[in-house]
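S.K.: how would this look folded up:
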Amino acid sequence: MKILCLVSWQPQGRWLWEYAPDQSDQVDFLYINHPKDRFPGYGKLLGYYQVFFGLGVRALLKMKDYDFIVTWEANTGLPLAFYRSLLGKSLPPLLILNFVLKGKPVLDTLWLTKFAMRSVSHITCVSQREIDAYSQLLKFPKDRCHKVQGPWYAQPFQTIPQHSGNYIFSAGRSHRDYGTLFEAVRGIEIPVVVNARNFNVKGLERPSNVTVNPFLPFPEFIGIISQAKIVVLPLYEAKHASGETFLIQAMAAGKAVIATRTYSTEELIEHGRNGLLVEPGDASGLRSAIQSLLDHPEQAELLGEAAWQDYQRRWAFPLVAREVVELVSALGSGIG
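M.R.: Numbering: from 1, shown residues only. Presented below is the predicted three-dimensional model:
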């Protein structure tokens, strides 16, 4: 089978198909790099979306040469789907992995997104609740939605790294509630390192123990997260998944994680066993959870070990990659 993949980074090797039991599939890529930051208002249309729509045009011109198309997330898949729907084309089959509509629909209006979805063959979502929500919102057949938790790339650790840093770490941009985090750590005698975009922290009063860095190259990010004492994932209550990539990486590094309770984090964290969950916007509860782990490092160690074991058993990239490859093979042969 000839497969065209659309992704938002420069892929290494055959990506998911590095782990395929059958290496006979031809896998080609079209990719773009994310712009450094989002742009407000119409600037976003000019500076951000044009990159993805440009990718869609390139894919449209090439798709006739392929048997199957796989895209990473809605941002890369929906522009191509829009053009296909406009031209009345539904072949080759199009699968959007890790489907999520963040904030406004990607095409800014719901009816345009529904129109684009006419030419989407299948999607994967990280939870059954998202499958239920998107099938209802977009009138997309539920039997063409598949629950796959990933594939999120995470730097694997064969053993749990021994942390040497005396700091709390948090990172990410989508639906991050850094205001609650800042309130929770104010006055706590431990540094807090946050890796975030400017818009994430704009207008927030930053405590003296908090340092905010811009997004770092992946090797530096891995170095920081692997040496952190505690990892915190503060989220707003949202109707879609957010934070899983960061959460999975923290678990892969064997970190004790405290996350806001959302339906997506509940899919990954079992409170008190492999991490801790606090309610949305509850700065007092978050502060208590942080202080508890600082006062009881043995508890943090147990949580981190359980998280690492769960990653190795359930979410390691090769495992999820093979799951996706098998799904594509089944759908491509007409079984799905």
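S.K.: Next, name the residue at the spatial heart of the protein.
M.R.: Central residue of the chain (CA atoms, centre = their mean): residue 245, 4.1 Å from the mean position.
S.K.: Toward the C-terminus, what is the element adjacent to the regular element (helix or strand) spanning that residue?
M.R.: Element membership of residue 245 [criterion: DSSP states H and E] is helix 244-252. Next in sequence after helix 244-252, counting helices and strands by DSSP H and E, comes strand 257-260.
S.K.: Direction included, what does that next one pair against?
M.R.: The strands beside strand 257-260 in its sheet (DSSP bridges) come out as strand 230-233 (parallel), strand 276-278 (parallel).
S.K.: What residues of that strand count as buried?
M.R.: 257, 258, 259, 260 (16 or more other CB atoms under 10 Å). Every C-beta, even on glycine, is put in place using the N, C-alpha and C of the backbone.
S.K.: Quick check: closest non-adjacent residue to the third one.
M.R.: Same thing as residue 259. Closest residue to residue 259 apart from its sequence neighbours, by CB to CB, 6 or more residues apart in numbering: residue 233 at 4.0 Å.
S.K.: quick one: contacts for that neighbour?
M.R.: By CB atoms under 8 Å, 6 or more residues apart in numbering, residue 233 lies in contact with 170, 172, 243, 246, 247, 250, 257, 258, 259, 260, 265.
S.K.: now those residues as JSON lines including pLDDT?
M.R.: Formatted as JSON lines, the contacts of residue 233 follow (pLDDT from 0 to 100):
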{"residue": "170", "pLDDT": "97"}
{"residue": "172", "pLDDT": "92"}
{"residue": "243", "pLDDT": "88"}
{"residue": "246", "pLDDT": "92"}
{"residue": "247", "pLDDT": "93"}
{"residue": "250", "pLDDT": "95"}
{"residue": "257", "pLDDT": "98"}
{"residue": "258", "pLDDT": "98"}
{"residue": "259", "pLDDT": "98"}
{"residue": "260", "pLDDT": "97"}
{"residue": "265", "pLDDT": "91"}
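S.K.: What's the end-to-end length of stretch 264-276?
M.R.: 14 Å (CA to CA, to the nearest Å).
S.K.: Which residues does it contact?
M.R.: 126-127, 130, 149, 233, 235, 240-244, 247-248, 251, 256-259, 261, 277, 289, 293, 303, 306-307, 309-310, 315.
S.K.: If anything else comes up later, I'll come back, but that's it for now.
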